[in-house]
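In: return atomic coordinates for the entry below.
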Amino acid sequence: MSALEDYVATSDFEQFQSTVMTTLSVMAGTIEMNFYETTSEISDLNGDMNQQFEAIHGFIRMIASGIVIGESSSNIKLKLENDILYFFTGDEDSVSTENAIAYFSAGKLYVNTVEILTGMKIGPFAWMPESDNLNFKLTE
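Out: Here you go, the predicted model:
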């Protein structure tokens, strides 16, 4: 089963074409949905024709151990198992709590490295930057 959608818009100096295709594959032990998007932009720059292509392949894969979601433009993938959600790179069959970038399990988030941009709150307490210092405060 597949669906194909074409979009073309033309102006005086630029032509833009985008193609989106979705495929659904059913194999022994696996159901996979693939999303392909190809964008082609043709423009006239000082009399020279310039054409650029961008292709993105996204997927949702249902395998025996769970559901995997990813995209070709990113190394990071997501895997949802019965009681754990992983963020990982590499092979989906070998992902575990030992090699995942981060994971949620039993209501807790486990992360190897955290970068907090503004502040962090834990219960009624917060770490807050103020005047080039980091302060720990009771917020309630």
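
In: please count neighbours and contacts with C-alpha atoms only from this point.
Out: Noted.

In: quick one: contacts for residue 85?
Out: 78, 79, 103, 104, 105 (CA atoms under 8 Å, 6 or more residues apart in numbering).

In: check which helix or strand it maps to.
Out: Taking DSSP states H and E as the criterion, residue 85 maps to strand 84-88.

In: so in that sheet, which strands flank that strand, and in what orientation?
Out: strand 77-80 (antiparallel), strand 102-105 (antiparallel) (DSSP bridges).

In: thought residue 89 was touching residue 79?
Out: No - using CA atoms under 8 Å, residue 89 makes no contact with residue 79, being 10.3 Å away.

In: among these two, which residue is more densely surrounded?
Out: Neighbour tally, residue 89 and residue 79, criterion other CA atoms under 10 Å: the higher count belongs to residue 79, 22 against 16.

In: against residue 26, how distant is that one?
Out: Distance, residue 79 to residue 26, using CA to CA, to the nearest Å: 19 Å.

In: can you tell me which of the strands paired with strand 84-88 is nearest to residue 58?
Out: Residue 58 lies closest, by CA to CA, to one member of the strands paired with strand 84-88: strand 77-80, at 10.4 Å.
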